[in-house]
Structures are given as structure tokens and as C-alpha cells.
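Colleague: sharing a sequence plus its predicted fold:
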Amino acid sequence: MSGPLPGYLGPLAMPASWLYGLAVGGRNRRFDRGRGVAEVDVPVVSVGNITAGGAGKTPTVMWIAAWLRTAGHHPAIAMRGYAAGPGEPSDEQQEHRWRLPDVHVVADPDRAASLRAFLPTHPEVDCVLLDDGFQHRGLHRDLDLVLIDATRNTMGDQLLPWGYLREPTANLRRADAVVVTRAASVDGNLAAQIERHHGRPPVAWCRHAWTRLQIMKPHDGAEVADVPWLRGKRVVTLLGVGNPAPIFGQLEAAGATVACDVPARDHERYERPKLVLARSLCEGADAFVMTGKDWVKARHLIDLSSWPVPIVVPWLEIEIFDGADALKALILETVS
């Protein structure tokens, strides 16, 4: 079992995991008794997970927000604003604003207090989407959705730092519904494991899909292209995400070859030296690929007129291939 600790600290992982589990259990028992839970005046839908690293929360929140807009609702997104610099928005906050310019984003570690200040001045907002909210139990939620990444062994993992679990899989019973992300198809074995811990099978299954590419070309500005544009291209990547493996898989499926990957931490705040290094590695490549949350942080450091290759930002969306109607019904019943 491997977790986020470096190898030389491996012997400490198991006892540290036990101590972490005791702390998580005590914290949850407090919230189970209703202590420290605040409410706001509109329905709250939480989207979260039980693992460290990405499970697709941001694209799922975007999908729900966009669908609610088409259904006549006016959601706002509330998030912690993790890894934001002083006086700066976080990467996820910037990406939400870039992709959903007509949806308000409220970023503050104290989400209840920030929403209580925000909502009276925005009476049109009729519901809140809580991004990464399963462990943020200080804010009451009316619907608790938990995402399980099909590409990771979540149901067989261990607690941090021995594994990557934020809390035990048994705590899935606290959720109202489970959605499986990054799935190629409905997996009966995974569904049974989830039902054993959650009490019900997943309400929906979805895959991450690149629907198009936003391409920033030196001297030519931005354009939109279909995903097959990547076929046959040698690319350099910069992927500051918790789980980059599925992105490499999507690049391979699109017919691209990764010539070099510039290492980046999840939520990394980019500085000029990292981008200078990335630029130098692009010589001889056909494109430079980064995620949306990387682009919104790095674009002010990039001089497109001197960048040697096009910069490609895949437009990531979720595609619900099983259970979409059931999930929509749950959400609509909550916010109506």
C-alpha cells in the first residue's frame, strides 16, 4: 500500500494513519451531533469525495451548474479557495469564472460566513453548489453527492498517509448518493463494493471527455479545434493536478505522444522559472498541453508571441452515460 509520504518515511505511515483515523472519527462524531453546523437560506448541494487528489469535482460542479442554468435556476458555487495566494483567486476559482462567467463563485475557508454575507446582496441566487464539500461539515447541505474515481482503488485504499483516503469508506453511508467518475462502463464489481459501504449502488456513472481543444497559437491568437487535432503530435505537458494519469491516457487515445512532462504539484502556483523551463523543453515538439486550471494561473507568465509551439488546453466535461435522469431528479428535487 503506498500513500503520499516519501519512501523513507514508510515505517511511519501505518501508525500515522491510525492517529489520523482517530482524529477524523472524533471530528465526525461532533458533527453527527449537530455541533458547529451552520445553515444558509437557500438549498445547498455538496459535491465531494473521500480521497486526496482529484476525482472530477470541478467538472462535475460545472456540469451541475450549467444544467441548473438551463433548467431556470441561478446557482452560486462555494469553495474554500485552496492554495490561493494572498489577495489572489485559487486556480479552481479562476477556472470556474473562465468556464462559467455567468455563475457567481464565492471562495473562502469559512463558507457559511461568506455565503451569509453574499446571499443577501444577490437575491437571484436560489441554490449553492459546494465544491469539495463532503468533509466541510460546518455548512449544512441538503444533498450530499460523493464521487468515486473508477481509475483508482478507492474501495481498497487506506487512510492518509498510509493510503489516500480522507476518511473511511464506511463513511459513504453519510452521503445521499454516489457518482462514479472516469468510468469506461458500468462496473458490477465496483457497484457492489460501493453498495456494501454506502447502502445503495451508485446513482450515476460518467466519463471525463474532451469535447474540444482551445489552442493558443503564437502570433495567431486563440482558436477552437476538435480533439483529433492532436493526432500524430509530439507534445510537452504541464499537469498540476492530483491524478494526471487519466490525462496521459486521453492524450494517448487522441493519438498524441508525450515527449516530455514538466513535473508540477497539485494546485501549484506557477512562477516564471518553471515556465522558462517548460518553454525550453518545447523546442522540437508540436504542442504544449496544460489543463484549464494550469492555464488560468500560468497565462499571465506566458508571452504567446515568443512561445515556440501552440498551447493546447483541452475542454474537459463529464459525460453521464448511465443514471443522468436519476441524478438530475435528485438535484432538481433538492433545489426546487
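Modeller: Happy to help now that I have it.
Colleague: quick one: secondary structure of residue 329?
Modeller: For residue 329, the assignment made with DSSP: H, G, I helix; E, B strand; the rest coil gives helix.
Colleague: all helices of the stretch 201-336 of the chain, in order?
Modeller: Applying DSSP state H, counting those that start in this stretch to the stretch 201-336 of the chain gives helices spanning 245-253, 272-281, 292-298, 324-335.
Colleague: please name the nearest non-neighbouring residue to residue 160.
Modeller: Distances taken as Cβ to Cβ, 6 or more residues apart in numbering place residue 20 nearest to residue 160, at 5.5 Å, with adjacent residues excluded. From N, CA and C alone the C-beta is placed, and that goes for glycine too.
Colleague: now the one you found: how far from residue 102?
Modeller: For residue 20, the distance to residue 102 equals 40 Å [Cβ to Cβ, to the nearest Å].
Colleague: higher neighbour count, the two?
Modeller: residue 20 (18 against 9; other Cβ atoms under 10 Å).
Colleague: ok so that one is a strand residue?
Modeller: No. Looking at residue 20 with three-state DSSP, it is helix, so not inside a strand.
Colleague: confirm for me that it is in contact with residue 161.
Modeller: Yes. Counting by Cβ atoms under 8 Å, residue 20 touches residue 161, with 7.1 Å between them.
Colleague: now do the buried residues in whichever strand or helix holds residue 65.
Modeller: Element membership for residue 65 (DSSP states H and E) is helix 57-70. Under the neighbour-count criterion of 16 or more other Cβ atoms under 10 Å, helix 57-70 has 57, 58, 59, 60, 61, 62, 63, 64, 65, 66, 67, 68 buried.
Colleague: which other helices and strands contact it?
Modeller: Here helix 57-70 touches strand 44-49, strand 75-79, helix 91-99, strand 127-131, strand 143-149, strand 311-322, helix 324-335, going by 3 or more Cβ pairs under 8 Å, 6 or more residues apart in numbering; DSSP states H and E.
Colleague: again, only using 6 Å
Modeller: When contacts are defined as 3 or more Cβ pairs under 6 Å, 6 or more residues apart in numbering; DSSP states H and E, helix 57-70 sits against strand 44-49, strand 127-131, strand 311-322.
Colleague: name every strand pairing with the first one and say which way it goes.
Modeller: Strand 44-49 has the following sheet partners, assigned by DSSP bridges: strand 127-131 (parallel), strand 143-149 (parallel).
Colleague: over to the longest one?
Modeller: Based on DSSP bridges, the strands next to strand 311-322 in the sheet, each with its direction, are strand 204-217 (antiparallel), strand 287-290 (parallel).
Colleague: how near is residue 195 to residue 180?
Modeller: 12 Å.
Colleague: show me where pLDDT drops low in the stretch 151-300 of the chain?
Modeller: By pLDDT under 70, the stretch 151-300 of the chain contains no weakly predicted segment.
Colleague: mind redoing it with 80?
Modeller: 219-221, 242 (pLDDT under 80).
Colleague: repeat for the stretch 1-150 of the chain
Modeller: For the stretch 1-150 of the chain, residues meeting the criterion pLDDT under 80 lie at 1-2, 53-54, 81-90.
Colleague: which one of residue 195 and residue 180 is surrounded by more residues?
Modeller: residue 180 (26 against 14).
Colleague: quick check: residue 260 touching residue 236?
Modeller: Yes. The pair residue 260 / residue 236 is scored as a contact, 4.9 Å apart, by Cβ atoms under 6 Å.
Colleague: intersection of neighbour lists for those two?
Modeller: residue 281 (Cβ atoms under 6 Å, 6 or more residues apart in numbering).
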